[in-house]
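**Student:** Here is the input, now give the coordinates:
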Amino acid sequence: MKEEFYNQSFEKLKSAITNIDKSEIENIYALSFWFYNEDDELHFPTIILSYNTKSNFQKNIENASDENEAKWNFAYWLQNELEQIGGEDDKVLEKWFEKSKYYYSEEENELAEDDDDLFDKLCAKGEKFNKEFIELVVKMSSELHKNGIVKEIFGKSIPIIIHELEYYDKPVNWTKKGNPIETVKEFIDWVETM
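**Tutor:** Numbers count the residues shown, from 1 in each chain. Now for the predicted structure:
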């Protein structure tokens with residue numbers, strides 16, 4: 001099921017990137033893989049694919065503390081959802097979770113609301129499932145670069161920022177692993193100055 005999830009999700013992301021409006025291509029300087037848990041449930045890890053444009057970044061410079069914040073802080077991006085993988089409605093993700101060693105039932109999830117020990121146990125399982133999920137996402141990002149898909153569409157390598165709403169070591173490392181390092185250097189340098 002894990003492999004099926006990977007294959008399905010990779011194709012969805014590839015298709016969404018390939019189908020970006022051609023008139024936007026030259027204006028796009030980075031893609032976003034925003035990671036979160038839908039409904040705050042650890043068994044619904046989710047990635048939203050979007051992008052930002054040079055014109056949007058330029059427009060937001062006056063609203064940000066500096067040019068780099070306007071360029072790299074997701075809060076200033078377009079927030080244009082192109083595709084979603086994972087989440088509550090992804091049946092392949094659901095099957096993968098059910099077959100994984102991290103599975104827990106809805107009944108256990110409800111019982112955990114009143115049982116701190118069970119809550120901690122399910123959180124630990126959910127976090128391990130999320131770790132496997134994000135490892136696949138990093139692999140997808142890397143594969144989009146290695147297969148030449150990003151370069152073919154945009155005429156050059158552009159970064160795929162794999163992130164949460166906050167920037168800290170863990171998501172920065174996802175981004176480093178999922179991209180050629182020279183592609184994400186400017187982003188990494190910005191994060192390190194924060």
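**Student:** Show me the longest helix that occurs in the chain.
**Tutor:** The longest helix of the chain (DSSP state H) is helix 116-146.
**Student:** For it, enumerate the helices and strands it packs against.
**Tutor:** The contact analysis (3 or more C-beta pairs under 8 Å, 6 or more residues apart in numbering; DSSP states H and E) places helix 116-146 against helix 2-18, strand 28-37, strand 45-53, helix 106-111, strand 160-163, helix 169-177. To be clear about C-beta, it is placed using only N, CA and C from the backbone, and glycine gets the same treatment.
**Student:** What residues sit buried inside it?
**Tutor:** 122, 125-126, 129-130, 132-134, 136-138, 140-141, 144-145 (16 or more other C-beta atoms under 10 Å).
**Student:** What is the subsequent helix or strand relative to it?
**Tutor:** Later in the chain than helix 116-146, the nearest helix or strand by DSSP states H and E is helix 149-154.
**Student:** which residue is nearest the centroid of the protein?
**Tutor:** In the chain, the centroid-proximal residue (C-alpha atoms, centre = their mean) is F33; its distance is 2.8 Å.
**Student:** now V191, what's its secondary structure?
**Tutor:** Classification of V191 by DSSP: H, G, I helix; E, B strand; the rest coil places it in helix.
**Student:** returning to what we had before: leaving aside the residues adjacent along the chain, what's closest to the residue nearest to the centre of the chain?
**Tutor:** Ranked by C-beta to C-beta, 6 or more residues apart in numbering and with sequence neighbours excluded, the top spatial neighbour of F33 is I162, at 4.5 Å.
**Student:** And that neighbour, how close does it get to G155?
**Tutor:** 22 Å (C-beta to C-beta, to the nearest Å).
**Student:** out of those two, which sits in the busier spot?
**Tutor:** I162 (26 against 10; other C-beta atoms under 10 Å).
**Student:** The more buried one: what's it in contact with?
**Tutor:** 33, 35, 134, 137-138, 141, 171, 174-175, 178 (C-beta atoms under 8 Å, 6 or more residues apart in numbering).
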